[in-house]
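**Student:** Provide a 3D model corresponding to the input given below.
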Amino acid sequence: MSRDSRENSVVIYTATGMLQAVVVQEVLEKIGIAVSLEYDVMEIEDDTMGTSGDVKVLVAKDIAGEALKVLRSHPRTGEIFSVPKM
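**Tutor:** Here you go, the predicted structure:
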(Lines give C-alpha, C1' and ligand atoms only; values in the text may rest on other atoms or scores of the structure.)
Protein backbone atom coordinates (compact mmCIF):
# COMPACT_ATOMS: atom_id res chain seq x y z
CA MET A 1 0.00 0.00 0.00
CA SER A 2 1.40 3.38 -0.94
CA ARG A 3 1.87 6.12 1.62
CA ASP A 4 -0.95 8.20 0.10
CA SER A 5 -3.28 5.21 0.13
CA ARG A 6 -2.42 4.50 3.76
CA GLU A 7 -3.09 8.12 4.75
CA ASN A 8 -6.48 7.99 3.04
CA SER A 9 -7.43 4.66 4.62
CA VAL A 10 -8.94 3.72 7.95
CA VAL A 11 -9.03 0.45 9.90
CA ILE A 12 -12.63 -0.76 10.05
CA TYR A 13 -12.05 -4.24 11.44
CA THR A 14 -9.31 -6.13 13.25
CA ALA A 15 -9.47 -9.86 12.61
CA THR A 16 -7.90 -12.49 14.84
CA GLY A 17 -6.26 -14.28 11.94
CA MET A 18 -5.84 -14.26 8.20
CA LEU A 19 -8.84 -16.52 7.51
CA GLN A 20 -11.22 -14.18 9.34
CA ALA A 21 -9.69 -11.14 7.60
CA VAL A 22 -10.07 -12.72 4.16
CA VAL A 23 -13.74 -13.49 4.87
CA VAL A 24 -14.35 -9.82 5.71
CA GLN A 25 -12.35 -8.77 2.64
CA GLU A 26 -14.41 -11.02 0.36
CA VAL A 27 -17.72 -9.71 1.76
CA LEU A 28 -16.72 -6.11 1.11
CA GLU A 29 -15.11 -6.69 -2.28
CA LYS A 30 -18.22 -8.51 -3.52
CA ILE A 31 -20.14 -5.25 -3.16
CA GLY A 32 -17.40 -3.16 -4.75
CA ILE A 33 -15.51 -1.86 -1.71
CA ALA A 34 -11.74 -2.05 -2.18
CA VAL A 35 -9.96 -3.53 0.84
CA SER A 36 -6.36 -3.70 2.01
CA LEU A 37 -5.07 -6.03 4.69
CA GLU A 38 -2.27 -5.04 7.03
CA TYR A 39 -0.42 -7.50 9.24
CA ASP A 40 2.95 -8.26 10.73
CA VAL A 41 4.90 -11.12 9.21
CA MET A 42 6.97 -13.43 11.34
CA GLU A 43 9.22 -16.31 10.40
CA ILE A 44 8.27 -19.78 11.45
CA GLU A 45 10.24 -23.02 11.24
CA ASP A 46 11.65 -24.19 7.91
CA ASP A 47 11.70 -20.70 6.36
CA THR A 48 7.90 -20.61 6.19
CA MET A 49 6.32 -17.19 6.70
CA GLY A 50 3.17 -16.59 8.70
CA THR A 51 1.24 -13.80 10.37
CA SER A 52 1.56 -12.93 14.02
CA GLY A 53 -2.17 -12.89 14.74
CA ASP A 54 -4.14 -9.68 14.27
CA VAL A 55 -4.91 -8.58 10.72
CA LYS A 56 -6.24 -5.07 10.12
CA VAL A 57 -8.86 -4.55 7.42
CA LEU A 58 -8.58 -1.09 5.82
CA VAL A 59 -10.81 0.80 3.41
CA ALA A 60 -10.81 4.34 2.01
CA LYS A 61 -11.96 6.91 4.57
CA ASP A 62 -14.78 8.17 2.36
CA ILE A 63 -16.49 4.76 2.22
CA ALA A 64 -15.73 3.56 5.75
CA GLY A 65 -19.30 4.27 6.90
CA GLU A 66 -20.76 2.11 4.14
CA ALA A 67 -18.31 -0.70 4.89
CA LEU A 68 -19.12 -0.62 8.61
CA LYS A 69 -22.84 -0.69 7.84
CA VAL A 70 -22.33 -3.89 5.84
CA LEU A 71 -20.23 -5.52 8.55
CA ARG A 72 -22.75 -4.63 11.27
CA SER A 73 -25.79 -5.86 9.36
CA HIS A 74 -27.62 -8.95 10.52
CA PRO A 75 -27.82 -12.10 8.39
CA ARG A 76 -30.95 -12.45 6.29
CA THR A 77 -33.36 -15.31 6.93
CA GLY A 78 -31.93 -18.49 5.49
CA GLU A 79 -28.29 -17.34 5.49
CA ILE A 80 -25.94 -19.71 7.20
CA PHE A 81 -22.97 -17.39 7.35
CA SER A 82 -22.24 -13.89 8.55
CA VAL A 83 -19.20 -11.73 9.23
CA PRO A 84 -17.68 -12.47 12.66
CA LYS A 85 -18.85 -10.10 15.41
CA MET A 86 -16.84 -6.92 15.78
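
**Student:** all strands for this structure, in order.
**Tutor:** Per DSSP state E, the chain carries strands over the ranges 9-15, 36-44, 48-60.

**Student:** Need the single longest helix in this structure, by residues.
**Tutor:** Across the chain, the longest stretch assigned as helix under DSSP state H is helix 18-30.

**Student:** residues in contact with it?
**Tutor:** Contacts to helix 18-30, defined as C-beta atoms under 8 Å, 6 or more residues apart in numbering, come from residues 13, 15, 35, 37, 39, 51, 55-57, 59, 67, 70-71, 83-84. Heads up, the C-betas are built off the backbone N, CA and C, glycines and all.

**Student:** Least confident secondary structure element in this structure?
**Tutor:** Lowest on mean pLDDT, DSSP states H and E among the helices and strands of the chain sits helix 3-7, with a mean of 67.

**Student:** close enough to count as contact, Leu71 and Ile31?
**Tutor:** No. Using C-beta atoms under 8 Å, Leu71 is not in contact with Ile31; the gap is 11.0 Å.

**Student:** Which one's more surrounded, those two?
**Tutor:** Set Leu71 next to Ile31 and count neighbours by other C-beta atoms under 10 Å: Leu71 wins out with 18 against 9.

**Student:** Report how many residues lie close to Met18.
**Tutor:** The number of residues near Met18, taken as other C-beta under 10 Å, comes to 15.

**Student:** Can you give me the distance of Ser73 to Ile31?
**Tutor:** According to C-beta to C-beta, to the nearest Å, Ser73 and Ile31 sit 11 Å apart.

**Student:** returning to that earlier point: what average pLDDT does the longest helix of the chain get?
**Tutor:** Helix 18-30 shows a mean pLDDT of 92.

**Student:** ok and that helix relative to strand 9-15, angle-wise?
**Tutor:** Orientation of helix 18-30 against strand 9-15 (axes from the mean of the first three to the mean of the last three C-alpha atoms, to 10 degrees) gives an angle of 130 degrees.

**Student:** Please identify the buried residues of helix 18-30?
**Tutor:** Within helix 18-30, the residues that count as buried by 16 or more other C-beta atoms under 10 Å are Gln20, Ala21, Val23, Val24, Gln25, Val27, Leu28.
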